[in-house]
Each structure stands twice: as C-alpha cells, then as structure tokens.
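J.: Have a look at this prediction, sequence included:
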Amino acid sequence: MNKTILIVDDEKEIRELLRLYIEKDGYSVIQAENGADALRQAASAQIDLAVIDIMMPELDGYQLIKGLREHSDLPIIIVSAKTENHEKILGLDLGADDYVTKPFDPLEVTARIKAQLRRYDGYKENSEAALLKAGELCMDVCACTLSFGSGIIPLTATEYNMMKLLMKSPGRVYTKQQIYEAAWQESAIVDDNTVMVAISKLRSKLPSGGGVSIGTVRGLGYRLEVRT
C-alpha cells in the first residue's frame, strides 16, 4: 500500500523541495504550513510518517508532536534549524524518532524516511512469539509492549528496538554502533549524540527502584543491568 508522508513547515520552498524528492520515491505527500493545520490533516487522513519543523506560527513543532503522540505512534522526523543538543533532547523526549538539522540534503531526509518506515513496519508486524524478561520488566515481542508489573511503559518504536536488543542479553555490553543499527535499521551513525540522547530518554522511562537500569561502560557502550 502506498505510504503517505505529512510535511509540516511554514516555508513553502522547503515543503516543495521535500515533496519533489519524497514523491520521486513513490510516496504520497500531504502538506501543512503550521502545527494547527497539521493536526487537522492528521485527523482527516491516514498518515504513515510526519516530517516536522519546530519554529512555526499558531502551533510550533513541539506542541504538534505532543498532539500527535496523544493518538498515534507514527514515526516522526524533526527537520529544524535548531542545532543545540537540548533542542534535540526535547524533541526526542516529546516523542520524535529522528532529528535532522537545517540546511539539509533532501536525499538524507528521504533515506531517513525509508529507514523509519522499515523500522516501524517491523515494529508493528513482528510476529515472533516470545517474552523477554529482565527483573520485573517483561517485553512481549509479539505485541511489541514493555511492561513493569501490571503497567505498560510507553515506548516509541526506536526505544522499543533498543530495549529489545538490551533485554536479549542482560549484562552484555553493546556498542553505540550495535545499538544504532538495531534501533534505526541503518549501518552508519550520523551523530554519536543520537544514541546518547536516545539512551537517556529510554533510561528516564524505566521505573526507579525497579531493579533494572541501563549502565554505561566507559569507552565501550551500554548494557542492561539487573539487580537481584
């Protein structure tokens, strides 16, 4: 089935540039010039992925992401002129799956769109029937859910893929490269901070005092630590 991409940016030239490249790859495109318009579009159409700017009138990108995440777990890619790490952290913290800074290469954006859609399809269609357990954490691989006790821990698809990797072998150290490949389904890390920020966000979702945490092994990578 043809995928539909929502492009949200208040600059028409950027929307049109992205539209040309995205449609060339066979996707349908819906455009919105601000966050409020984007929410209306998302409510009336089936959107498979959203590419969102941050600085927009009426409703900015951060507010838009919060609004979309109330009803959907579709992949979200931020494309923004904001380059500071705290801006990236905020965007990922609100639920974005990837962050591209302006000025950008449209081919890079389309490559990331493809990667996010592959990852999301695998996340939704994973039919492997298994339970992964670490302490009181339980991952239902078939349902793609992570639970602690009777409660579900909400994860983006990227976070789910990272946690699935870590829970397969608690105590094993995984490099940033291995984590990136598992989470983003790509072989080359564009920015080392991407993994660091994503791990930080995932850590914040794990229950404090739950006996399970993500440890940093300096110079090597990360591992899932289970306290007994």
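T.: Yep, that arrived.

J.: what residue ranges in this protein score low on pLDDT?
T.: 1, 122-129, 188-191, 228 (pLDDT under 70).

J.: And it, what are its domain boundaries?
T.: 4-124, 127-226 (automatic domain parsing).

J.: Can you show me the strands along the chain?
T.: Secondary structure of the chain (DSSP state E): strands located at 4-8, 28-32, 49-52, 76-80, 98-101, 131-134, 137-140, 145-148, 151-153, 212-217, 221-226.

J.: Now do the third one: which elements does it pack against?
T.: Pointing back at strand 49-52 there. Applying 3 or more Cβ pairs under 8 Å, 6 or more residues apart in numbering; DSSP states H and E, one finds that strand 49-52 contacts strand 4-8, helix 35-44, helix 61-69, strand 76-80, helix 106-125. Bear in mind the C-beta positions are built from the backbone N, C-alpha and C, glycine included.

J.: circling back to that earlier point, highest mean neighbour count across the domains of the chain, which stretch is it?
T.: Per residue and on average, the most neighbours among the domains of the chain fall to domain 4-124, with a mean of 18 (mean count of other Cβ atoms under 10 Å).

J.: From the chain's centroid, how far away is it?
T.: Averaging C-alpha positions (Cα atoms, centre = their mean, to the nearest Å) puts domain 4-124 11 Å from its chain's average.

J.: which residue is nearest the middle of this protein?
T.: By Cα atoms, centre = their mean, the mean C-alpha position of the chain lies nearest to residue 97, the distance being 1.9 Å.

J.: my guess is it meets residue 116, correct?
T.: Yes: with contact defined as Cβ atoms under 8 Å, residue 97 reaches residue 116; the gap is 5.8 Å.

J.: Quick check: neighbours shared by the two?
T.: Common neighbours of residue 97 and residue 116, using Cβ atoms under 8 Å, 6 or more residues apart in numbering, are 75, 77.

J.: Just put the strands of the chain in a markdown table and tack on distance to residue 179.
T.: Shown next, in a markdown table, are the strands of the chain (distance: least, Cβ to Cβ, whole Å):
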| stretch | distance to residue 179 |
| --- | --- |
| strand 4-8 | 26 |
| strand 28-32 | 31 |
| strand 49-52 | 22 |
| strand 76-80 | 19 |
| strand 98-101 | 15 |
| strand 131-134 | 16 |
| strand 137-140 | 16 |
| strand 145-148 | 16 |
| strand 151-153 | 18 |
| strand 212-217 | 10 |
| strand 221-226 | 7 |
